[in-house]
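1. Kindly generate the corresponding structure for this input.
(one chain, ligands or ions: 2)
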Amino acid sequence: MKTSIATVSLSGNLTEKLAAIAAAGFDGIEIFEQDFIASDFSPSEVGRMVRDHGLEITLFQPFRDFEGLPEPHRSRAFARAARKFELMNQLGTDLVLFCSSLHPAAMGGIDRMAADFHELGDLAAQHGVRVGYEALCWGRFVNDHRDAWEVVRRADHPNIGLILDSFHTLGRKIDPDSIRAIPGDRIFFVQLADAPAIEMDLLYWSRHFRNMPGEGDLDVTGFMRAVLATGYDGWLSLEIFNDQFRAGLPRLVALDGHRSLISLQDRARRAEPALAVDLPAFPPPSPVEQIAFVEFATSEEDAADLTSLLTSTGFQPVGRHVSKPVDVWRQGGVSLLVNTGARGFARTSYVAHGTTVSEIALKVADAQASHQRATSLLAPTHEEETGPGELGIPAIRGISGSVIRFLDDGPDLGRIWDVDFRITPGAVAGAGITGIDHLAQTMPYDAMLSSSLFYTEIFDAGKSPMVDVIDPDGLVRSQAIESGRMRVTLNGAEARRTLAGRFIEESLGSSVQHIAFATDDVFATAAALEKRGFPVLRIGANYYEDVAARFGLDPALTDRLRRANVMYDEDAGGQFFQLYSVPRKDGFFFEIVQRQGNYCGYGAPNAPFRIAAQKRTSRPAGMPRA
Ligand SMILES: O=C(O)c1ccc(O)c(O)c1
Ligand SMILES: [Mg+2]
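-> Residues are numbered from 1 along each chain as shown. Ligands and ions are numbered 1, 2, ... in the order given. Okay, here's the model as predicted:
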C-alpha cells in the first residue's frame with residue numbers, strides 16, 4: 001500500500017524534510033500547516049517541490065474547531081474553510097483533515113455537527129476537495145472514532161469521510177475491532193502512530209511521546225488489521241509527534257518510519273492471512289539460533305592488547321582465514337575473530353572507532369531468507385570482495401554501521417570453517433566459558449528506539465521493558481532484545497560522563513561495549529581466570545554486606561562471592577552470578593555470567609556498583625582503591 005508521513009514527524013525545514021522523506025522511499029507526505037506557513041515558498045511552489053521529489057501531497061492538516069458552532073463563529077468557520085480549500089487547490093491536494101472541536105463556544109449535538117459537515121461537503125465539492133473528520137481523543141464532544149463515524153454517516157455527503165488515527169483510538173483504549181463495522185470506502189485516510197505505555201494527560205502524551213509503530217506498546221497491529229478488514233486500500237501515513245524525532249537526523253527518522261510501516265503491514269498479513277495487503281512477499285521473521293562469531297577490527301600494533309585480554313580470558317588461537325589476516329580464537333563454542341587487515345570494512349571500522357567489534361555473524365535457519373527479510377525491511381546490504389573459492393556470506397549493515405552476517409547449516413555456509421579458514425584440530429582447554437550470554441551495545445539515548453525496531457522487525461524477537469541503570473555520573477537506560485538464543489542489551493546514554501557516554505566518545509560512535517560470556521560454574525571459571533592473569537574487577541566490601549542482607553545469603557556463599565569478586569542477583573526464576581574485567585582505556589570490557597534456573601534478567605540492580613568499581617580503576621594513581 002502507498003505510504004506517507006506527516007511533515008511534523010521530522011526535524012528540519014520543509015526542503016530538508018522533503019529530501020529525507022523521498023530518500024526513505026515514501027510515496028507521499030501530509031503537509032502540516034505550520035510547516036507550510038513557516039516556509040518562504042508559495043503554495044504552488046511547495047506543490048511543485050513535493051512533486052519534483054516524486055511525492056504526492058496526501059493530506060493537508062489540521063483544520064480546527066469547525067463543527068457545532070453558534071453564529072457568528074459558524075459563518076467565520078465556513079469562510080476560513082473556503083480559504084483553506086483554495087490554498088489546497090494551489091498546493092495540489094484534494095484532502096484535508098478536520099479534527100474534532102475544542103472550541104469553547106461549540107455546542108455539540110450530533111445532528112447539528114452532521115448538518116455543518118453536510119453543508120461543508122457542498123462547499124468542498126465546489127472546490128473539488130474532500131474533507132476527513134478525525135476524533136481527537138481529547139476533543140470536547142467528539143473524542144472517539146465511533147462518534148466521529150456517526151457524524152460522518154449522518155452528514156451523508158460524498159465529500160465528507162472519516163479519518164482514523166491509531167493513537168486516538170488506542171490511546172483512549174477503544175477496541176480497534178469497532179473499526180471493522182465501518183465501510184472502507186467511507187474511510188478517507190489512516191494515520192498511524194505508536195506510543196510507550198505511560199500514564200499521563202492524553203494531549204501531552206500525544207504531542208510529545210508518539211513513536212513509530214512497533215516502537216511503543218500500543219496494539220497498532222490490531223488497529224491495522226481492523227482497518228484492512230474494512231476493505232480500506234488508501235494511504236497509510238505516519239503522524240508522529242515526538243520530541244526526540246523533531247531533534248533527530250531527519251533521514252534516519254524517516255528511514256525508521258518507512259521500515260515500521262512495511263513491517264506493520266507484514267505483521268498484519270501474517271496475523272490475519274485473509275486480509276488483502278498490497279505489499280511484495282518476503283520471508284517471515286526467524287529466531288537467531290546462535291551468535292556464530294564476533295569479529296574485532298584492530299591493527300597489527302593494537303592487536304596485542306586485545307589478544308592478551310583474550311588469552312587471559314581462556315581463549316586460544318586455533319586458525320586463520322585463507323586469504324586475510326584474520327585469526328580465529330576459540331573456547332567452548334565461542335569463536336572470536338581478530339582482523340588486522342589493512343583494507344576493507346574492518347580497516348574502515350578500526351580507523352573510525354579504534355579496536356572495535358566490527359562484525360557479528362548470526363546463525364539462522366536460512367541465511368538467504370533472513371537476508372532477504374532484512375533488505376525488504378530496508379537494511380542496506382553489505383558486500384565485500386571475496387577471494388577465489390571463498391564463500392559469499394550474505395550480510396547487512398546493522399545500526400551504527402557494524403556488519404551483521406547470516407550463516408546457516410546449508411551445504412555452502414555450513415562449511416564456513418572448512419572453506420574460508422584453516423583451523424588446527426585439537427581441543428581448547430579454556431576457563432569454562434561455554435558460549436555468549438549477551439552482547440551489550442552502547443549508543444546515544446536517542447538511537448535506542450531505532451535499534452530496538454531494527455532487531456524486533458527483522459528477527460523473531462522480543463523486547464523487555466526499559467530499565468534505568470544508575471551510573472554515578474548520570475542515567476543510562478537499558479533494554480534487552482531476545483531472539484532465539486541471541487540476547488542483546490541496548491544501552492542508551494544521555495550523559496557524557498557516564499561510562500557508556502565516555503565509551504561513545506572514545507570509540508567515536510555506538511558499538512558493542514561489552515561481551516558477556518556464559519559459564520556453568522562461575523567460581524571454577526573465576527579460579528581458572530585468576531591463574532591466567534585475567535584483569536578482574538574488584539568489587540567493594542560494602543556491596544557484599546548489602547547483597548548478603550538483601551537476599552539472606554548463606555555466609556559461606558557470601559564469602560565465596562567476595563573472594564572471587566562475583567556479583568549476585570535473583571529473580572522469581574533463579575539466580576545470577578556476574579564477574580567483570582577491568583575496562584580497557586576506551587571503556588570496553590568482558591563479563592562472565594552464570595544463570596541458574598530461569599533467571600531472565602541481566603543483573604541491573606548490580607550495575608551502579610559495577611560501574612562505580614569500573615570508574616575507580618581509571619582514576620589517577622595515589623587515590624584509595626576499593
Ligand atoms: O495534537 C493535535 O492537535 C493533532 C492535530 C492533528 C492530528 O491529526 C492529530 O492526531 C493531533
Ligand atoms: Mg491525527
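2. CA only for contacts and neighbour counts going forward, please
-> Noted.
3. Need the contact partners of the top helix by length along the chain.
-> Longest helix in the chain by number of residues, with DSSP state H as the criterion: helix 250-271. Identification of contacts with helix 250-271 by Cα atoms under 8 Å, 6 or more residues apart in numbering yields 3, 10-12, 16-17, 20-21, 23-26, 212-214, 220-222, 224-225, 236, 238, 245, 275-277, 279, 377-378, 450, 453, 457.
4. Tell me how far that helix lies from the chain's centre.
-> Taking Cα atoms, centre = their mean, to the nearest Å, the mean C-alpha location of helix 250-271 is offset from the chain mean by 11 Å.
5. for stretch 188-203, same thing?
-> 17 Å.
6. Then stretch 292-299?
-> 24 Å.
7. what about that stretch, average pLDDT?
-> For stretch 292-299, the mean pLDDT works out to 97.
8. Pull it out as CSV, backbone CA atoms only.
-> Provided in CSV are the C-alpha atoms of stretch 292-299 (Å, rounded to 0.1, in the frame of the first residue of the first chain):
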residue,chain,number,x,y,z
ALA,A,292,28.3,-17.8,15.3
PHE,A,293,31.2,-15.4,15.7
VAL,A,294,32.1,-11.9,16.8
GLU,A,295,34.8,-10.1,14.8
PHE,A,296,37.1,-7.4,16.1
ALA,A,297,38.8,-4.9,13.8
THR,A,298,42.2,-3.9,15.1
SER,A,299,45.6,-3.2,13.7
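9. Show residues contacting that stretch.
-> Stretch 292-299 is contacted by residues 334-342, 346-347, 349-350, 354-363, 407 when judged by Cα under 8 Å, 6+ apart.
10. redo that, cut-off 7 Å
-> The contact list for stretch 292-299 (Cα atoms under 7 Å, 6 or more residues apart in numbering) reads 334-341, 346-347, 349-350, 354-363.
11. Next, please give the residue ranges for the helices of the stretch 501-626 of the chain.
-> Along the stretch 501-626 of the chain, counting by DSSP state H, counting those that start in this stretch, helices occupy 522-531, 541-551, 555-564, 607-616.
12. number of nearby residues for residue 167?
-> Here the number of neighbours of residue 167 (other Cα atoms under 10 Å) works out to 27.
13. pLDDT at it, what is it?
-> 98.
14. Which neighbouring residues are in contact with it, exactly?
-> Neighbouring residues of residue 167 by Cα under 7 Å, 6+ apart: 192-194.
15. what do you get if the cut-off is 8 Å, keeping everything else the same?
-> By Cα under 8 Å, 6+ apart, the contact set of residue 167 is 192-195, 206, 210.
16. Which two among those residues are spaced furthest apart?
-> Spanning the widest gap among these are 192 and 206, at 12.0 Å by Cα to Cα.
17. burial count for residue 411?
-> Using other Cα under 10 Å, residue 411 is surrounded by 8 other residues.
18. Also residue 24?
-> The burial count for residue 24: 20, using other Cα under 10 Å.
19. How about residue 269?
-> Counted with other Cα under 10 Å, residues neighbouring residue 269 total 20.
20. Likewise for residue 446?
-> When neighbours are counted by other Cα under 10 Å, residue 446 comes out with 15.
21. Now do the contacts for it.
-> For residue 446, the contact set (Cα under 8 Å, 6+ apart) comprises 244, 248, 492.
22. I'd assumed residue 447 was in contact with the last one.
-> It stands for residue 492. Yes. Using Cα atoms under 8 Å, residue 492 is in contact with residue 447, at 7.3 Å.
23. name the helices or strands packed onto the worst-scoring helix or strand of the chain on mean pLDDT?
-> Within the chain, no helix or strand scores below helix 499-506, which has a mean of 81 by mean pLDDT, DSSP states H and E. With contacts defined as 3 or more Cα pairs under 8 Å, 6 or more residues apart in numbering; DSSP states H and E, helix 499-506 has these neighbours: strand 433-444, strand 486-493, strand 511-519.
24. how about that helix: buried residues?
-> Neighbour-count burial for helix 499-506, with 16 or more other Cα atoms under 10 Å as criterion, is recorded at 499-504.
25. Could you dump those into JSON lines with distance to residue 430 added?
-> Output for the buried residues of helix 499-506, formatted as JSON lines (distance: Cα to Cα, whole Å):
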{"residue": "499", "distance to residue 430": "30"}
{"residue": "500", "distance to residue 430": "30"}
{"residue": "501", "distance to residue 430": "33"}
{"residue": "502", "distance to residue 430": "32"}
{"residue": "503", "distance to residue 430": "29"}
{"residue": "504", "distance to residue 430": "31"}
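26. if we can go back for a sec, going by distance to residue 600, which of the contacts of residue 167 wins?
-> So of the contacts of residue 167, ranked by how close each gets to residue 600 (Cα to Cα), first place is residue 195, at 25.4 Å.
27. buried subset of the contacts of helix 250-271?
-> By neighbour count, with 16+ other Cα under 10 Å, these hold 3, 10-12, 17, 20-21, 24-26, 212-214, 220-222, 224-225, 236, 238, 245, 275-277, 377-378, 450, 453, 457 as buried.
28. just checking, residue 319 touches residue 327?
-> Yes. Using Cα under 8 Å, residue 319 is in contact with residue 327, at 5.9 Å.
29. So for these two, which residue has more residues nearby?
-> Higher neighbour count among residue 319 and residue 327: residue 327, with 22 against 18, using other Cα under 10 Å.
30. Contact partners for the closest residue to the more buried one other than its chain neighbours?
-> Nearest non-adjacent residue to residue 327, counting by Cα to Cα, 6 or more residues apart in numbering: residue 320, 4.4 Å away. The neighbours of residue 320, taking Cα under 8 Å, 6+ apart as the test, are 326-328, 421-423.
31. what residues does the helix or strand hosting residue 114 touch?
-> Applying DSSP states H and E as the criterion places residue 114 in helix 110-126. Applying Cα under 8 Å, 6+ apart, the set of residues contacting helix 110-126 from outside is 67-68, 78, 82, 85, 130-131, 150-152, 154-160.
32. Can you flag the buried ones in these?
-> Neighbour counting with 16+ other Cα under 10 Å marks 67-68, 78, 82, 85, 130-131, 150-152, 154-157, 159-160 as buried within these.
33. measure residue 461 to residue 318 for me?
-> Taking Cα to Cα, to the nearest Å as the measure, residue 461 falls 33 Å from residue 318.
34. Ok, residue 78 next?
-> 79 Å.
35. for residue 46, helix, strand, or coil?
-> helix (DSSP: H, G, I helix; E, B strand; the rest coil).
36. The closest residue to residue 328 other than its chain neighbours is in what secondary structure piece?
-> Nearest non-adjacent residue to residue 328, counting by Cα to Cα, 6+ apart: residue 337, 4.7 Å away. In the assignment (DSSP H and E), residue 337 maps to strand 334-339.
37. Report the buried residues of stretch 451-466.
-> By 16+ other Cα under 10 Å, the buried positions in stretch 451-466 come out as 451-459, 461, 463.
38. Over to stretch 486-502?
-> Quick answer for stretch 486-502 (16+ other Cα under 10 Å): 486-495, 497-502.
39. Repeat that for stretch 260-273.
-> Residues of stretch 260-273 classed as buried: 260-269 (neighbour count, 16+ other Cα under 10 Å).
40. Break the protein into its domains for me.
-> Annotated domains of the chain cover 3-271, 290-423, 433-617 [automatic domain parsing].
41. Can I get those in CSV including distance to residue 283?
-> Shown next, in CSV, are the domains of the chain (distance: least, Cα to Cα, whole Å):
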stretch, distance to residue 283
domain 3-271, 10
domain 290-423, 5
domain 433-617, 10
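42. the strands in the stretch 151-300 of the chain, which residues?
-> 160-165, 187-192, 236-238, 290-297 (DSSP state E, counting those that start in this stretch).
43. on that earlier part again, what bridges to the residue nearest to residue 328?
-> Listed by DSSP bridges, the beta-bridge partners for residue 337 are residue 295, residue 328.
44. That one: neighbour count?
-> There are 23 residues near residue 337, going by other Cα under 10 Å.
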